[in-house]
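Student: below: sequence and its predicted model.
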Amino acid sequence: MKSPERRAILGILAGVLVLAAAGVAGFFRVLSRRPAEVVPATVPASWVQYRTSAGHEQHVGQGSIVCKDCHDVEGTGFTNPGAAVCGRCHEKESTQSHTGGATKTDCLACHTFAPGAAPTCIDCHRETQGNLASLVQHSTTACGDCHHPHERPAIQPATCEGCHEQRAIQHASHVGSTGCFDCHRAHAPGQAAIQTCSTCHERRAGHQPAGHEGCGTCHKPHEFVASGGRGCVGCHGSKPTLLSAMVQSHANCTSCHAPHAPLEAASSCHRCHGEVTVVHAGKEACVDCHLPHASDRTIKASACTSCHQAIATSDKGAHAGGEPCTSCHQPHTFPSPPRGELCASCHVPETRLVSVNRGHQDCVSCHGASAHRPQAAPACAKCHAKEASTASAGHRECQACHQPHSGERTARGAACTNCHENKANTLHASLQGGCESCHRAHGPSGVPVSPACATCHQRSTLPALHAVSSHGKCATCHTAHGPPRSDRATCTTGCHANRKDHQVTALVCTGCHVFGR
């Protein structure tokens, strides 16, 4: 008999003796420790490889478990018994299911009894498993520090401070905080926490300006408190701000710019200036005229002509060449009141005068429709055509005698002699009715032309030599505004030339030839 066969027979006999002494359990314990080349005939040859697996080493090599506790050695033999037998000893653990992928895993998914290295958590979780993302962060950390798959709860996270002691989490001071887990997910990259802000802090809808899209631009992640954002000046620099030297709230960016809605600054003025109602050519935003960050912070409002260039080149060139726009227009209530009411605010005397002059009460009728370019000297003939066409020479400038707004005669025009001083002491100047007895300045009323002398001086009523027919032409001896002429030259030059040498020493003829009573 060959030596190997002899050694096998001796081995079996030795096993029988041990079985008799220690029972079946002891036999299998000894069997598990036998050299690989010695395998009982009743045990599969694969046992040599399977016995080194983690599962068999734990249960058979170091425990008191025998093969038949798990395998049906009398029936199916040493085939895989499945995970159902685990519950015989591990009742508590077997009730804790471990979900993996699309199906639930059993004990044998993690506790292997097959040859080869035992599986680790990362073997499965380096890839996405169902609704669980792939494991990235903490992939080299012992899973058992946080995960206890056979306990409830299965996840008992370790304190983050054990590894991240340098982090001072002020953000975790609010009520209901779960510490680091407010923002961080255990296996997600640290940067992913930046995207979780909106889960607690509602993000405003709509476009956000560059630099304001993410919370981390202004808030440091572990110092996330209301006053912890970086100052606006850090990104925007020091900007000149409207009246900031005089108005304290203008010196603070957040008075107008809400940190999470900086584009709404234009509507923030009403928070302080609620009493101001803007009606300005359809514009309601204060910043249309009050530039918040103009280079000159002392300018309260933009010039009106910065928009209204067609009206004038400067704010003092729109009306009469010197009045500022604000003399007529109130900045926040534009357009201004009706023209008549508006003109009266500055032209009080003129408004009072036109109130008694029908036809002159509307300023537009004389000064034109443009308040920005009023006619300084309107033509009276536009309305008073008859008067203008019948005015005599020297009387065609209406304002020489008439007050333009009331129409009444001026002090100068009240008496003709104010201009015609040389007519003040004439014979006709003292007549009742004055100059207008014979003259008129213009039509349509009054005497069109100077009347004949006989209108007032009928020959039948005149004394002495006036009755002589040859003396019928009054203008031969009289002028309208001068005294009667009775000097020698007047009589002998024209009518009585044949009397030139008669009484040559007489200076006047009327010394003898009487015309008066």
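Tutor: Happy to help now that I have it. Numbers count the residues shown, from 1 in each chain.
Student: what segments of the stretch 201-350 of the chain are helices?
Tutor: For the stretch 201-350 of the chain, the helices defined by DSSP state H, counting those that start in this stretch occupy 233-236, 339-344, 348-354.
Student: between the ones you listed, which gets nearest to residue 156?
Tutor: Among those, helix 233-236 comes nearest to residue 156, with 41.4 Å by Cβ to Cβ. To be clear about C-beta, it is placed using only N, CA and C from the backbone, and glycine gets the same treatment.
Student: elements contacting the closest one?
Tutor: In terms of contacts (3 or more Cβ pairs under 8 Å, 6 or more residues apart in numbering; DSSP states H and E), helix 233-236 is not packed against any helix or strand.
Student: which SSE is immediately downstream of the least confident helix or strand in the chain by mean pLDDT?
Tutor: Least confident helix or strand of the chain, by mean pLDDT, DSSP states H and E, is helix 3-32 with a mean of 44. Per DSSP states H and E, the first helix or strand lying C-terminal to helix 3-32 is helix 47-50.
Student: run the chain-centre distance for that next one.
Tutor: Centroid separation for helix 47-50 versus its chain: 80 Å, with Cα atoms, centre = their mean, to the nearest Å.
Student: which parts of that helix are buried?
Tutor: 47, 48, 50 (16 or more other Cβ atoms under 10 Å).
Student: quick one: mean pLDDT over that helix.
Tutor: Confidence over helix 47-50 (mean pLDDT, whole number) is 87.
Student: helix or strand right after it?
Tutor: Using DSSP H and E, the helix or strand that follows helix 47-50 in sequence is helix 54-56.
Student: contacting residues around that following helix?
Tutor: 32, 50, 111, 112, 113, 114, 118 (Cβ atoms under 8 Å, 6 or more residues apart in numbering).
Student: which of those residues tops the neighbour count?
Tutor: The residue in these with the most neighbours, by other Cβ atoms under 10 Å, is residue 113 (20 neighbours).
Student: most centrally placed residue in the protein?
Tutor: Ranked by distance to the mean C-alpha position of the chain (Cα atoms, centre = their mean), the top residue is residue 266 at 2.8 Å.
Student: pLDDT score for that residue?
Tutor: For residue 266, the predicted pLDDT is 82.
Student: ok, now the one 10 residues further on?
Tutor: The score at residue 276 is 84. That number is its pLDDT.
Student: number of residues surrounding the spatially closest residue to it that is not a sequence neighbour?
Tutor: In space, and not counting its chain neighbours, residue 276 is closest to residue 332: 5.6 Å by Cβ to Cβ, 6 or more residues apart in numbering. Around residue 332 there are 14 other residues, counting by other Cβ under 10 Å.
Student: got it, and residue 250?
Tutor: Residue 250, neighbours per other Cβ under 10 Å, totals 17.
Student: related to what we said a few turns ago, is it true that the residue nearest to residue 276 touches residue 279?
Tutor: Yes. Assessed by Cβ atoms under 8 Å, residue 332 is found in contact with residue 279 at 7.1 Å.
Student: so where is the stretch 1-150 of the chain shaky, pLDDT-wise?
Tutor: Confidence mapping of the stretch 1-150 of the chain against pLDDT under 70 gives the ranges 1-42, 100-104.
Student: now do the stretch 201-350 of the chain
Tutor: Of all residues in the stretch 201-350 of the chain, those with pLDDT under 70 make up the ranges 224-230, 281-284, 335-337, 340.
Student: all strands for it, in order.
Tutor: Remark: strands assigned in the stretch 201-350 of the chain by DSSP state E, counting those that start in this stretch are 279-280, 333-334.
Student: and these as a markdown table, adding mean neighbour count and distance to residue 76?
Tutor: A markdown table is the format used below for the strands of the stretch 201-350 of the chain (neighbours: other Cβ atoms under 10 Å; distance: least, Cβ to Cβ, whole Å):
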| stretch | mean neighbour count | distance to residue 76 |
| --- | --- | --- |
| strand 279-280 | 15 | 95 |
| strand 333-334 | 14 | 100 |
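Student: what's the closest of those to residue 402?
Tutor: Shortest distance between residue 402 and the strands of the stretch 201-350 of the chain, using Cβ to Cβ, is found for strand 333-334: 36.9 Å.
Student: how far is the closest one from where the chain is centred?
Tutor: The answer for strand 333-334 is 19 Å, by Cα atoms, centre = their mean.
Student: residue 363: neighbouring residues, count only.
Tutor: For residue 363, the neighbour count with other Cβ under 10 Å is 21.
Student: look up phi and psi at residue 68.
Tutor: Residue 68 adopts backbone torsions of phi -70, psi -10, taken as degrees, to the nearest 10.
Student: ok, it - contacts?
Tutor: Taking Cβ under 8 Å, 6+ apart, one finds residue 74 in contact with residue 68.
Student: and it, how far is that from residue 483?
Tutor: 172 Å (Cβ to Cβ, to the nearest Å).
Student: same question for stretch 375-388, mean pLDDT?
Tutor: Computed over stretch 375-388, the average pLDDT equals 81.
Student: ok, back up a step: need the helices of the stretch 201-350 of the chain in a markdown table (columns: mean neighbour count and distance to residue 419).
Tutor: Shown next, in a markdown table, are those (neighbours: other Cβ under 10 Å; distance: least, Cβ to Cβ, whole Å):
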| stretch | mean neighbour count | distance to residue 419 |
| --- | --- | --- |
| helix 233-236 | 11 | 75 |
| helix 339-344 | 16 | 32 |
| helix 348-354 | 15 | 23 |
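Student: hang on, the earlier thing: closest to residue 206 out of the strands of the stretch 201-350 of the chain?
Tutor: When the strands of the stretch 201-350 of the chain are compared by Cβ to Cβ, strand 279-280 sits nearest residue 206, at 26.4 Å.
Student: packing partners for the closest one?
Tutor: strand 333-334.
Student: circling back to that earlier point, need the helices of the stretch 201-350 of the chain in CSV with distance to residue 222, can you?
Tutor: Compiled in CSV, those are given as follows (distance: least, Cβ to Cβ, whole Å):
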stretch, distance to residue 222
helix 233-236, 18
helix 339-344, 64
helix 348-354, 71
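Student: so which of the ones you listed gets nearest residue 214?
Tutor: Among these, the nearest to residue 214 by Cβ to Cβ is helix 233-236 (12.8 Å).
Student: give me the contact list for that closest one.
Tutor: Counting by Cβ under 8 Å, 6+ apart, residues outside helix 233-236 touching it are 211, 217, 253.
Student: list only buried entries from these.
Tutor: Buried subset of the contacts of helix 233-236 (neighbour count, 16+ other Cβ under 10 Å): residue 253.
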